[in-house]
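Trainee: I'll drop the sequence and a predicted model, then ask my questions.
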Amino acid sequence: MPIYKRCPHCGKRIPSGTKCGCFKRDWGTPTGTRALYHTAQWQKMTRAINAAYGFKDQWAAADGKTVAAEIVHHIVPAEEDPSKFWVASNLIPVSRASHDEIHALYRQGGAAKLAAQERLRERVKRPE
């Protein structure tokens, strides 16, 4: 006798371990700069940037906190200036929470965005 579960979207009874056909999400194939995040070159760059900063969140470090970095963030967003996508001085490691906070400031625009970008630039390691 099979075990059933309820589809969380439509409530239809379906066999456990299967997916209901009511909810199909088609994200499509990434294009433009979004596609670059799915390359081996980006994974390699992410590891190199994280290692250069000791895998520490630089946004939190500006406040004297030690938090593990999870994401490499573009100070100038890739959508705004695709030429800076691979530029190491435009990349900085941050945690998920810091990344969300940074993008909230970016969405405010104007002075808030510029102040956030300046704070990040101050944390960028300079070549030795």
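Mentor: Nice, thanks for sending it over.

Trainee: now the strands for this structure?
Mentor: With DSSP state E as the criterion, the chain has strands at 4-6, 13-15, 71-74, 91-94.

Trainee: turn those into a markdown table, columns for distance to L120 and mean pLDDT.
Mentor: For the C-beta atoms, the positions are set from N, CA and C on the backbone; glycine is no exception. Shown next, in a markdown table, are the strands of the chain (distance: least, Cβ to Cβ, whole Å; pLDDT from 0 to 100):
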| stretch | distance to L120 | mean pLDDT |
| --- | --- | --- |
| strand 4-6 | 45 | 92 |
| strand 13-15 | 47 | 91 |
| strand 71-74 | 7 | 96 |
| strand 91-94 | 5 | 97 |
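
Trainee: quick one: which of those strands is nearest Y106?
Mentor: Closest to Y106 of those, according to Cβ to Cβ: strand 71-74, at 10.1 Å.

Trainee: the closest one pairs with which strands, parallel or anti?
Mentor: According to DSSP bridges, strand 71-74 has the following sheet partners: strand 91-94 (antiparallel).

Trainee: what residues does the partner strand touch?
Mentor: Outside strand 91-94, the residues that touch it by Cβ atoms under 8 Å, 6 or more residues apart in numbering are 45, 49-50, 53, 55-60, 69-75, 102, 120, 123-124.

Trainee: before we move on, the earlier item: just the strands of the chain: most buried one?
Mentor: strand 91-94 (a mean of 24; mean count of other Cβ atoms under 10 Å).

Trainee: next one: that one to chain centre, how far?
Mentor: Strand 91-94 sits 10 Å away from the centroid of its parent chain (Cα atoms, centre = their mean, to the nearest Å).

Trainee: who does the residue nearest the centre of the chain bridge with?
Mentor: Note on the chain: the residue nearest the mean C-alpha position is I71, at 5.1 Å, using Cα atoms, centre = their mean. On the basis of DSSP bridges, I71 is bridged to V94.
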